[in-house]
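In: What follows is a predicted protein model with its sequence.
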Amino acid sequence: MSKSFVKQKVMKKFFLLFFLTSAVSIVKADVIEEIAAFMKSGDVKSMSGYFAPTVELNILGQEEIYSNVQTAIILKDFFQKNPPKSSQIIHKVTSNSNYKFAVILLNTSKNIFRVSYELKITSGKFLIAQIRIEENKE
């Protein structure tokens, strides 16, 4: 084998490895959008895969720390009473490698809510540590 052939094979493997690691980074960066999509569809089951073991939950001023199972039950009830129609991410913080934060406007059949959620690294994965749902005042 010639030197240029070996060099070409090494370069192909390098670029493939670079592409795959870049794709993984892009997928990880989409966690905020993925959770917003779950909220838009009211898909608590899928969203619960991102719940930390305990979640600080504040719905319309009622604040408490719940287990991830309790959080899912409460959010399911909220979405049954307020079926989502659309959502829009209006703010997000992704500059910290251990913390993410987002605010969405959630348009439901009854009202428009401002929903914020905070994600922190737990066991190497971004998990939801806090969710706040309040009526949109704008």
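Out: Ah, there it is.

In: which residues in the protein form helices?
Out: 3-29, 31-41, 44-47, 68-81 (DSSP state H).

In: and these, which one is worst for confidence?
Out: Sorting these by mean pLDDT places helix 3-29 lowest, at a mean of 59.

In: Ignoring the adjacent residues along the chain, who's closest to residue 113?
Out: When the adjacent residues along the chain are set aside, residue 113 lies closest to residue 106, with 4.6 Å between them (C-beta to C-beta, 6 or more residues apart in numbering). Yep, even glycine has a C-beta here, placed from its N, CA and C like the rest.

In: Look up the residues forming beta bridges with the one you found.
Out: On the basis of DSSP bridges, residue 106 is bridged to residue 87, residue 113.

In: Name all residues that make contact with it.
Out: Residues in contact with residue 106 (C-beta atoms under 8 Å, 6 or more residues apart in numbering) are 39, 40, 84, 86, 87, 112, 113, 114, 115, 133.
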